[in-house]
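Novice: Here's my sequence, what's the structure:
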Amino acid sequence: MTKHELTPERVESLYRSMAQRIAIVRARLSRPLSLAEKVLFGHLDDPAGQELVPGRSELLLRPDRVVFQDVLGQTGLLQFMQTGRERVAVPTTIHCDHLIQARVEGAADLRDSLAENREIYDFLRSAAARFGAGFWEPGAGIVHQVVLENYAFPGALILGTDSHTPNAGGLGACAVGVGGADAVEVLAGMPWGTLFPRRIAVFLSGRLGGWTAPKDVILWVAGQLGVAGGTNAIVEYIGPGARNLSATGKATITNMGAELGATTSMFPADDHMAKYLEATGRAEYARVFERHAELLAPDSEVERTPEQYYDRVLRLDLSALEPHVVGPHTPDRARPISQLAAEVADPANGFPEGVSAALLGSCTNSSYEDMTRAADLAAQAAQHGRSVASAFLVTPGSEQVRATIERDGQLARLQGIGAVVLANACGPCIGQWKRPESATIAPNAIVTSYNRNFPRRNDGSAQTLNFIASPELVTAFALAGRLSFNPLCDSLEGADGQPFRLEAPQPAPEVPAQHFARGRSTLVTPPEDGSAVEIAIDPKSERLQKLAPWPAWNGHDFRDVAVLIKTQGKTTTDHISPAGPWLRFRGHLDRFSDNLLSGARDAFTGETARGVATRARDFEAQGIAWAIVGDHNYGEGSSREHAALSPRWLGGVAVIARSFARIHESNLKKQGLLALTFADPADYDRIRAGDRLDLLGLAELAPGKPLECLIHHADGSSESLWLDHSYNTRQLEWFRAGSALNALRAGRTGSERVA
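Specialist: Numbers count the residues shown, from 1 in each chain. Predicted coordinates for the structure are as follows:
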């Protein structure tokens, strides 16, 4: 543990500091505060002078922790090396979870990954030691689960370079997924800036029972809000029902808040969080937060009459909630399980009847409680001699979970019905699934307890339709082997040929009675002085490439800008910057950029885009700047910074869309690209194939001031339209400097901007 790690004594000091900051802001606003406001205000860099206008002000905050996964950790650390700092300014950890490919089973897959990714792991390990970060070795688990087990606590402000960082909201943290440049600024000692979020509340009453699980709460919410309904908002779960859920159940819900586009999601601190902290060896943290409970929940007036204090309020009775299934291809296509069979039977939907694979676990749903309830169903099936009817893959979220369910028998019960246990890693959830080609040559359905289900997300195949459900339903689907199966009313056939019904799994303990088994120790703590550690990057490497500063803006308007591509419909970061087999090149920006927009739909052809990166390289070689034109919610999904890095690397200057997803818009700004929106969304239709654009008035660009775009059509005609933007004064300086990192370095050293 480094000398600046957050001990219980330092958490006590943090709460006292938060109380002082909150008191300053409360006096300014003279109104009750929500939970998210308390945590944000408690971390303000300047509580007395900070502008506080929701939806407009940029809040400058001081996070408590930064966490990297091994993919964005590569570019994050490569960018941090440009700052000239000797040590990270806040507690930081790096987690190796994304690069382990699911092939056979966990132990063999981990051995293969250690051999194949040694260069990357060695780089990350040495960089962690050099700069003072903790390094969690491959096999330790998925970053979000490891953070929940070791670092999250109520009221913490955590930044993570993964969109599902909000998982820590299950322990009352304000945990936000960001791009690497955001993280690097904090590591360099700068405050983190974010738009003052809107406020959404989900008021929960009642209590879950029977087949219904915490997963069903977020699937229902996704159906209500949609994939963009939470953009630039923090979702707070309040009410008596919120306090009936386990800490890990809450984490499932906050984890998938990323599918709403939300900044993050949070729960108030309660006894369930204290119980989880105690079970994970952090009882002292529980005692500390209990002494400061008023900081870690909404004011009573806010919870009593939420409609007066939130921009939107959803109300849900947990006692009446039916298990839900979402998908395929989008996490907001939601319906209760009772309606799914009819949709499967309707040929217009094109849903396969058979389940080709069922996947249990992931960072979202691999808790002790989840695995115990799934194992309950496995035990019932085994009593009738029933095994799974489809491939059944189980991913423990961490070594701690794996070791504990091995000790307590859940793992054996799942393996007893045919489950294959994968490594403690992201695996198929992030596209690291080496699946037989024969499984994907035709449309096929998979069911998962994962969080994201865009086309090609899991196995690289657009033929695979991913339906997301609770661990309980996923296990039931695995046993039935068919998508139309409803365990609440349908029967299975036992080995004796007799029908039997699965009973709803019994309520499971939220933490093990014997506390958690730690398993193999895999945290490498950095030395007190890492200055002698050498970070070697082979200049001939195909996997690592040093980054150089981007050039600064030259002070002129962008003229004769080619339209590289106009994308149509959903364009997620999976479409802009696909993962899967490309993950191995994430540390080598030039190699990785060959995948640019290879999953997007080209609006001019109606087909999946081809050769976008090649066109971009051709334009760059000719000295022609180019821009991307996008549809609604462009950049939805992962925090994948490469979706902004690759366009910048290949010569792009702007992305013009009908609207942006929050993280991607921020990533574009950080890398010095112009992120612009059509003042009239219908103007998207005015962009034609072969157009060239002039972006005019850049020297006068100012907050709230639209930009003129002159379109030169291929037929010789021209027309103009207006483009909006959300840049504030600080963000415009990033553009002028060439990137946020350039501006940071210039401000820190007093040197000229890098050209």
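Novice: Show the contacting residues for residue 238.
Specialist: Each residue near residue 238 by C-beta atoms under 8 Å, 6 or more residues apart in numbering is listed here: 35, 201, 202, 203, 204, 268, 298, 302, 303, 306. Just so you know, the C-beta spots here come from the backbone N, C-alpha and C atoms, and that holds for glycine as well.
Novice: Would you agree the last one is in contact with residue 313?
Specialist: Put plainly, it is residue 306. Yes: if you go by C-beta atoms under 8 Å, residue 306 and residue 313 touch, sitting 4.8 Å apart.
Novice: looking at it, residue 103 is touching residue 436, isn't it?
Specialist: No: taking C-beta under 8 Å as the definition, residue 103 is not a contact partner of residue 436, at 10.4 Å.
Novice: who touches residue 534 in this structure?
Specialist: Shown in contact with residue 534 (C-beta under 8 Å, 6+ apart): 126, 130.
Novice: List phi and psi for it.
Specialist: Note on residue 534: backbone dihedrals following degrees, to the nearest 10 are phi -100, psi 130.
Novice: Stretch 693-711 spans what distance, first to last residue?
Specialist: One end of stretch 693-711 sits 5 Å from the other (C-alpha to C-alpha, to the nearest Å).
Novice: Pull out the buried residues from it.
Specialist: 693, 694, 695, 696, 698, 701, 707, 709, 711 (16 or more other C-beta atoms under 10 Å).
Novice: where's the closest residue to the second one other than its chain neighbours, which helix or strand?
Specialist: This points to residue 694. What sits nearest to residue 694 in space, not counting adjacent residues and going by C-beta to C-beta, 6 or more residues apart in numbering, is residue 710, at 4.1 Å. Element membership for residue 710 (DSSP states H and E) is strand 707-712.
Novice: From the chain's centroid, how far away is that strand?
Specialist: 35 Å (C-alpha atoms, centre = their mean, to the nearest Å).
Novice: continuing past it, what's the next helix or strand?
Specialist: Next along from strand 707-712, by DSSP H and E: strand 718-724.
Novice: now the angle from that next one to strand 707-712?
Specialist: Orientation note: strand 718-724 sits at an angle of 150 degrees relative to strand 707-712 (axes from the mean of the first three to the mean of the last three C-alpha atoms, to 10 degrees).
Novice: Packing partners of the helix or strand immediately after strand 718-724 in the chain?
Specialist: The helix or strand immediately downstream of strand 718-724 is helix 729-737, counting by DSSP H and E. The contact analysis (3 or more C-beta pairs under 8 Å, 6 or more residues apart in numbering; DSSP states H and E) places helix 729-737 against helix 662-670, helix 740-749.
Novice: Residue 296 contacts residue 36, correct?
Specialist: No: Residue 296 is beyond contact range of residue 36, at 11.2 Å (criterion: C-beta under 8 Å).
Novice: Which two among the contacts of residue 238 are spaced furthest apart?
Specialist: Pairwise distances across the contacts of residue 238 (C-beta to C-beta) peak at 14.8 Å, for the pair 204 and 302.
Novice: picking that back up, among the contacts of residue 238, which lie within strands?
Specialist: Under the assignment DSSP state E, the contacts of residue 238 contribute 201, 202, 203, 204 to strands.
Novice: can you list those in TSV and add neighbour count, pLDDT and distance to residue 351?
Specialist: Shown next, in TSV, are the ones in strands among the contacts of residue 238 (neighbours: other C-beta atoms under 10 Å; pLDDT from 0 to 100; distance: C-beta to C-beta, whole Å):
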residue	neighbour count	pLDDT	distance to residue 351
201	27	98	34
202	28	98	29
203	20	98	33
204	25	98	31
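Novice: Straight-line length of stretch 619-636, end to end?
Specialist: By C-alpha to C-alpha, the extent of stretch 619-636 from end to end equals 27 Å.
Novice: buried ones in it?
Specialist: Neighbour counts using 16+ other C-beta under 10 Å place 619, 625-636 of stretch 619-636 among the buried residues.
Novice: Show the average pLDDT along that stretch.
Specialist: The average pLDDT within stretch 619-636 is 97.
Novice: Repeat that for stretch 366-384.
Specialist: 98.
Novice: Look up which helix or strand residue 653 falls in, please.
Specialist: In this assignment (DSSP H and E), residue 653 forms part of strand 652-657.
Novice: by contact count, what packs against that strand?
Specialist: strand 558-566, strand 626-630, strand 674-678.
Novice: Tell me how far the residue nearest to residue 694 lies from residue 696.
Specialist: 6 Å (C-beta to C-beta, to the nearest Å).
Novice: sorry, back to before: enumerate the beta-bridge partners assigned to the residue nearest to residue 694.
Specialist: residue 694, residue 720 (DSSP bridges).
Novice: ok, now which ones touch it?
Specialist: 693, 694, 696, 718, 719, 720.
Novice: now with 10 Å?
Specialist: 557, 559, 692, 693, 694, 695, 696, 718, 719, 720, 721 (C-beta atoms under 10 Å, 6 or more residues apart in numbering).
Novice: what sits against the closest residue to the second one other than its chain neighbours?
Specialist: Beyond its immediate neighbours in the sequence, the residue positioned closest to residue 559 (C-beta to C-beta, 6+ apart) is residue 694, lying 4.7 Å away. Residues in contact with residue 694, defined by C-beta under 10 Å, 6+ apart, are 557, 558, 559, 560, 561, 708, 709, 710, 711, 712, 718, 720.
Novice: all strands of the stretch 401-550 of the chain, in order?
Specialist: For the stretch 401-550 of the chain, the strands defined by DSSP state E, counting those that start in this stretch cover 420-421, 444-448, 464-468, 492-493, 499-500, 523-524.
Novice: Tabulate the CA atom coordinates of stretch 367-383 in PDB.
Specialist: The C-alpha trace of stretch 367-383 is given here as PDB (Å, rounded to 0.1, in the frame of the first residue of the first chain):
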ATOM      1  CA  SER A 367     -21.600 -11.900  -6.400                       C
ATOM      2  CA  TYR A 368     -21.900 -14.500  -3.700                       C
ATOM      3  CA  GLU A 369     -25.600 -13.900  -3.600                       C
ATOM      4  CA  ASP A 370     -25.900 -14.300  -7.400                       C
ATOM      5  CA  MET A 371     -23.900 -17.500  -7.500                       C
ATOM      6  CA  THR A 372     -25.700 -19.000  -4.600                       C
ATOM      7  CA  ARG A 373     -29.100 -18.500  -6.200                       C
ATOM      8  CA  ALA A 374     -27.900 -19.900  -9.500                       C
ATOM      9  CA  ALA A 375     -26.400 -22.900  -7.600                       C
ATOM     10  CA  ASP A 376     -29.800 -23.400  -5.900                       C
ATOM     11  CA  LEU A 377     -31.400 -24.000  -9.400                       C
ATOM     12  CA  ALA A 378     -28.500 -26.200 -10.400                       C
ATOM     13  CA  ALA A 379     -29.100 -28.400  -7.300                       C
ATOM     14  CA  GLN A 380     -32.800 -28.700  -8.100                       C
ATOM     15  CA  ALA A 381     -32.000 -29.800 -11.700                       C
ATOM     16  CA  ALA A 382     -29.400 -32.300 -10.500                       C
ATOM     17  CA  GLN A 383     -32.100 -33.900  -8.200                       C
END
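Novice: Could you list the buried residues of that stretch?
Specialist: Buried, per 16+ other C-beta under 10 Å, within stretch 367-383: 367-381.
Novice: can you tell me which of the helices and strands packed on helix 729-737 comes nearest to residue 424?
Specialist: Comparing those by C-beta to C-beta, helix 662-670 comes nearest, at 25.7 Å.
Novice: How far off centre is the closest one?
Specialist: Centroid separation for helix 662-670 versus its chain: 14 Å, with C-alpha atoms, centre = their mean.
Novice: What residues sit buried inside it?
Specialist: 662, 663, 664, 665, 666, 667, 668, 669, 670.
Novice: any idea how far residue 595 is from the spatially closest residue to the last one that is not a sequence neighbour?
Specialist: In other words, residue 670. Nearest residue to residue 670 in three dimensions, chain neighbours excluded: residue 181, at 3.7 Å (C-beta to C-beta, 6+ apart). With distances taken as C-beta to C-beta, residue 181 is found 20 Å from residue 595.
Novice: more neighbours, the two?
Specialist: residue 181 (26 against 20; other C-beta atoms under 10 Å).
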